[in-house]
Each structure stands twice: as structure tokens, then as C-alpha cells.
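# for reference, the sequence and a predicted model appear below.
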Amino acid sequence: MTAEKTVVTGKKLTKKYKDFTAVDSIDFEVLQGECFGFLGPNGAGKTSTMKMIYGFSPVTDGELTVLGMDVRLNLREIKGRLGVVPQEDNLDPDLNVLKNLLVYARYFDIPGNTALETARENLELFQLWDRRHSRIRELSGGMKRRLVIARALINRPDLLVLDEPTTGLDPQARHLVWQKLRHLRRQGTTMILTTHYMDEAAQLCDRLVVMDKGKILALGSPQELIDTYVKPEVLELHINEEIKEDILKKLPENLQIEDIGDTLYIYCNDANSVRQTIFLKGADRVLQRSATMEDVFLKLAGHTLNEGM
């Protein structure tokens, strides 16, 4: 990652829809060669930010530069250098797999032989070359998603923008997409992605922002955010109110605790010693685990990612 070159910069970036503020004066930078993520629940402002970056939605206020150009002044040139994977699959059902890429290449004035060579390269990368003559309706959800990403790479973009790239996919299909995106990152492709999957952010992102209600709550690498906002180990207790009050009285005051519904989240350096300190009989379920981005979001926003959706 070459930290000296910035690919995308947002300064006090704002998006409003009439009286509703979807993106509220956010600042961020995306560096060349990194995978930069926007993590948050639906309605956090992630997709609205992405749509401004790839020119689908105009900026309401603030500054936004992409590839060194102002999106208000150089949108056509910017679009020619982007690869965009929208949240919804928008493949042409009347064309087969290969022709979806070749027809898309025409929008970038890519010569036929070059387009065919790049299409084959991309379809082979995403394990779809043997399905090149298949109709879109014959593909699984995971295949369609991989095809949308392969199509987005047809113009060899300087920046790949992915909006919720694995939403709706089963775990096996998600992991295959992650594998291919990690391959692109190792090749130096600059990527921006939105996700509400904590494991996806941890798997793919060099750095990310945590968003909620249009604002950025924190920025850093996944591990930096975990180290900053929560302790490395978590005790997750599913208990009723009577037992909860008794446990809370016995816990040391220096522990980080989040009380959400019927669940206590206890953040600590040594979960085993905490378990020995408190009496857990009567708990419906006790889970001891390492801290994740879900815990960071819970700490920052006061609710889980799913509760915000």
C-alpha cells in the first residue's frame, strides 16, 4: 500500500434527501492499493456515500475527489476509470455470460479483441469461463455475484467500488468471493466496499470506518479498532433479569460491560479469571470468545449491527 497517494478524499461530505440527512459531514481518505471499508447497518449512509463516489447520486455539500478529480466537474472521466459492483445484480438476462461482459466493454470503447481477452481472463479468475455460454437465469446467486464483479473489471479500473458484495449469498459462495477479492488486493487493486458483515470487514479491509445514522464513529484497521474500543476477550451471557442484577453486583468495576436486552457483554483481558470471579449458574448460555468488529460497533453505537437494520 502506497500511503503517499490518495485515491478518494471526502471532506465534510454530505448527502440529503429533502429533510433527511443520509450522510452527515464525513471525512475520509482512501489510499492507493488498499481495501477500504464502510461498515454499518442498513440506513447508516454507506450506500449513499458509495453512490456519490461512483457518480450515481450528486453531492449535496462538502468536497469529494476521486482519482484526483472533483466529482462535480470530471464525472465522465472518473466513470471511465471505475469498476462498479452495485448492491443489486443488474446483469442482462437476454445475454449469455460472455456477452454480458463484451457488451459492457463497448461503453468504454474497448476494442473487440482486447475485450474478449480481458473477458476470458476475468471469467477464468472467477471460475466462470466454462459457463460462458450459459444464460443468466441458469446461474446460482453466487455465480451471478462473481459475474457482476468480473464485468466491473472489464475496463481494468483504477478503483473498484463494491456495494455489499456478498449480501444474500450462502457461506460457501461468500468465501469464494472473498478469496477472489483478496487476490485482487494482492495484485494492488484499490477497492472500496460497504458491508454489514463484521467478518467480511475483518477478512478484506486494510482500514475501515464504522458508520451509524450518517456519521463516522471510528476509523482504523479492524485490529486497531478492536484494541482501541474493546478488550481482547469477551464473555457473552444470556440471562434473565434477576440473575443479571446479581452478576452485575459481583463484577469488578474496571470491566467494560454492555447490557443489551437479555445479554451481558463483558470485555476483559482474561475471560477465564472473570468466570472464576462470578457465579454463572442459571445463565441460559455462556459464550467465551475473542472480540470482533461486532463488539466495536456495539460499543460505539449502543446497539448491534442487526438491531440497526
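On my side now, so go ahead. This one's a predicted model, so the numbers in the text were calculated from it and none came from an experiment. Numbers count the residues shown, from 1 in each chain.

# ok, the residue nearest to Ala150 when sequence neighbours are not counted - contacts?
Spatial nearest neighbour of Ala150, excluding adjacent residues (CB to CB, 6 or more residues apart in numbering): Asn122 at 4.0 Å. No exception for glycine: its C-beta is placed from N, CA and C like everyone else's. Listed by CB atoms under 8 Å, 6 or more residues apart in numbering, the contact set of Asn122 reads 101, 150-151, 153-154.

# ok, now Tyr104?
151, 154.

# show me what counts as buried in the helix or strand harbouring it.
In this structure, Tyr104 sits in helix 97-106 according to DSSP states H and E. Using 16 or more other CB atoms under 10 Å as the test for burial, helix 97-106 gives 97-98, 100-102, 104-105.

# for those, which one is nearest Gly40?
Comparing the buried residues of helix 97-106 against Gly40 with CB to CB picks out Tyr104 as the nearest, at 29.7 Å.

# just the contacts of Asn122: which are in helices?
101, 150-151 (DSSP state H).

# where in the stretch 151-300 of the chain is pLDDT low?
Residue ranges of the stretch 151-300 of the chain with pLDDT under 70: 278-284.

# show me where it has strands.
In the stretch 151-300 of the chain, the segments counted as strands under DSSP state E, counting those that start in this stretch are 159-163, 191-195, 207-212, 215-220, 233-238, 256-260, 263-268, 285-290.

# and the angle for the third one with strand 191-195?
Regarding strand 207-212 and strand 191-195, their directions subtend 30 degrees when assessed with axes from the mean of the first three to the mean of the last three CA atoms, to 10 degrees.

# direction included, what does strand 207-212 pair up with?
strand 35-39 (parallel), strand 215-220 (antiparallel) (DSSP bridges).

# Ala115: which of these is closest?
That would be strand 35-39 among the strands paired with strand 207-212, by CB to CB, at 26.4 Å.

# need the CA coordinates for that closest one. CSV is fine.
What follows is strand 35-39 as a C-alpha-only set of coordinates in CSV (Å, rounded to 0.1, in the frame of the first residue of the first chain):
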residue,chain,number,x,y,z
CYS,A,35,-9.2,-2.2,0.6
PHE,A,36,-11.2,0.5,2.4
GLY,A,37,-14.5,-0.4,4.0
PHE,A,38,-17.6,1.3,5.2
LEU,A,39,-19.1,-0.9,8.0
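
# go ahead and confirm Glu77 touches Met69.
Yes: if you go by CB atoms under 8 Å, Glu77 and Met69 touch, sitting 6.3 Å apart.

# of the two, which one has the most company?
Legend: neighbour count by other CB atoms under 10 Å for Glu77 and Met69, higher for Met69 (14 against 11).

# and that one, how close does it get to Glu63?
12 Å (CB to CB, to the nearest Å).

# Ile243 now?
Taking CB to CB, one finds Ile243 at 52 Å from Glu63.

# now swap in Leu153 and tell me
Taken as CB to CB, the span from Leu153 to Glu63 is 28 Å.

# circling back to that earlier point, from the ones in helices among the contacts of Asn122, which is closest to Val234?
Using CB to CB, the ones in helices among the contacts of Asn122 come closest to Val234 at Ala150, 38.3 Å.
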